[in-house]
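Q: Next come a sequence and a model predicted from it.
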Amino acid sequence: MIGAGLASGSTEQSVSSGYQSVEDIANKPVVDDEENGEENLMAPVPQTLTKVVMTDSHENLINKCLDNLNRVSFPVSKAEVDVLDWNMRISNDKRDRFDFIIGCECAYYFPLVAPLARTVAYTLKSSPYDRQINEQFVRGRFLHFGPQHRESINDLKRKLESGYRMNTRMEEIVLEHIQLVPLIIDSLEDANAQMREEVEGETGGFVEYQNIDATKHFALAGYHNEDYDGSNGDYFFPAETGKEASYSDSSQELDYGIETE
């Protein structure tokens, strides 16, 4: 979860400016119970991260989420699990709620695209236009990863654009899987020499490179249209008003970028 520092706006600026570097996050893990002096170190998370909410529609998978949080010693105060069924109406307490929504191969077949897009649109925070600085203030970001062969990712992009007027961008990412194998030591003398290198702080290793595999994935990013205010979705989203086809034909020639700090 160190990567959550990037998602929440972490840079190499000092903590006093409201940001933390990834190095700071890793070097200052959370202590579970500071008041009682118990040094039960938890997974490192950025101070600016308020809470991570893990969701699913099946109770057994919710329990697995809890197990995963325990295994990585994620701080309980910054984690929450919740039941969320994409096919159900989005409750008011979840609307316009999340600063960042991240998913990995959620839209793995076509029937999931429409309910997923609707859930993202209603739960992601709005991004209004700030007239004082004449710029759009991006409050909520959506990010989805999936293998390139999943055509449904393109369908999800189109649905977010035409059905919910979201600004989207998709880029290719190449993931590399490096295979390492144990380094075979020919003699006890070589093994002792290698151990001495480790103890003395010199570079030494017990594995060697064997092979590398590369797979192509898509990263789909998006944020809301500036005219969505977080509560007017039922009247603003073309998918809800029955005007999706006309909106799709007239307005999807632009490729929007994602603002970064």
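A: That came in fine, so what should we check first?

Q: mind listing the helices for this protein?
A: Along the chain, counting by DSSP state H, helices occupy 4-7, 22-27, 59-71, 113-123, 152-164, 188-199, 233-236, 238-241, 244-251.

Q: Which one of those helices has the poorest average confidence?
A: Lowest mean pLDDT within the helices of the chain: helix 4-7, a mean of 44.

Q: Mind listing what's buried along stretch 131-142?
A: By 16 or more other Cβ atoms under 10 Å, the buried positions in stretch 131-142 come out as Gln136, Val138, Arg139, Gly140, Arg141, Phe142. For every residue, glycine as well, the C-beta is placed using N, CA and C.

Q: Tell me how far the first one lies from Asp85.
A: Same thing as Gln136. 31 Å (Cβ to Cβ, to the nearest Å).

Q: go on, the last one?
A: Phe142 is 19 Å from Asp85, where distance means Cβ to Cβ.

Q: Same question for Leu49.
A: Leu49 is 26 Å from Asp85, by Cβ to Cβ.

Q: Ok, Pro46 next?
A: Distance from Pro46 to Asp85, by Cβ to Cβ: 30 Å.

Q: of those two, who's got more company?
A: In this view Pro46 and Asp85 are compared by other Cβ atoms under 10 Å, and Pro46 has more residues nearby, 25 against 13.

Q: Any stretches of this structure with poor pLDDT?
A: Applying pLDDT under 70 to the chain flags residues 1-44, 182-209, 248-261.

Q: Okay, domains of it per the record?
A: Domain assignment for the chain, taken from automatic domain parsing, gives 1-83, 90-172+217-261.

Q: Tell me who's in contact with the closest residue to Gln148 other than its chain neighbours.
A: The spatially closest residue to Gln148, leaving aside those adjacent along the chain, is Lys216, at 4.2 Å (Cβ to Cβ, 6 or more residues apart in numbering). Residues near Lys216 by Cβ atoms under 8 Å, 6 or more residues apart in numbering: Pro147, Gln148, Glu172, Ile173, Val174, Leu175.

Q: at 10 Å instead, please
A: Pro147, Gln148, His149, Glu172, Ile173, Val174, Leu175 (Cβ atoms under 10 Å, 6 or more residues apart in numbering).

Q: Write down the beta-bridge partners of it, one by one.
A: Val174 (DSSP bridges).

Q: tally of neighbours for the residue nearest to Val76 when sequence neighbours are not counted?
A: What sits nearest to Val76 in space, not counting adjacent residues and going by Cβ to Cβ, 6+ apart, is Leu69, at 7.8 Å. Per other Cβ under 10 Å, the neighbour tally for Leu69 reads 20.

Q: Do I have it right that Leu69 meets Val53?
A: No - if you go by Cβ atoms under 10 Å, Leu69 and Val53 don't touch, sitting 11.4 Å apart.

Q: what sits in contact with each of these two?
A: With Cβ under 10 Å, 6+ apart, Leu69 and Val53 have common neighbours Ala79, Glu80, Val81.

Q: State the distance from the second one to Val174.
A: As for Glu80, its distance to Val174 is 33 Å (criterion: Cβ to Cβ).

Q: When the two are compared, which one has more neighbours?
A: When Glu80 and Val174 are compared for neighbours, Glu80 comes out ahead with 13 against 9, by other Cβ under 10 Å.

Q: What residues does that one make contact with?
A: Per Cβ under 10 Å, 6+ apart, neighbours of Glu80: Lys51, Val52, Val53, Met54, Thr55, Cys65, Leu69.

Q: Please repeat the previous calculation with a cut-off of 8 Å.
A: So Glu80 contacts Lys51, Val52, Val53, Met54 (Cβ under 8 Å, 6+ apart).

Q: And the residues you listed, which of them are buried?
A: Applying 16+ other Cβ under 10 Å to the contacts of Glu80 flags Val52, Val53, Met54 as buried.
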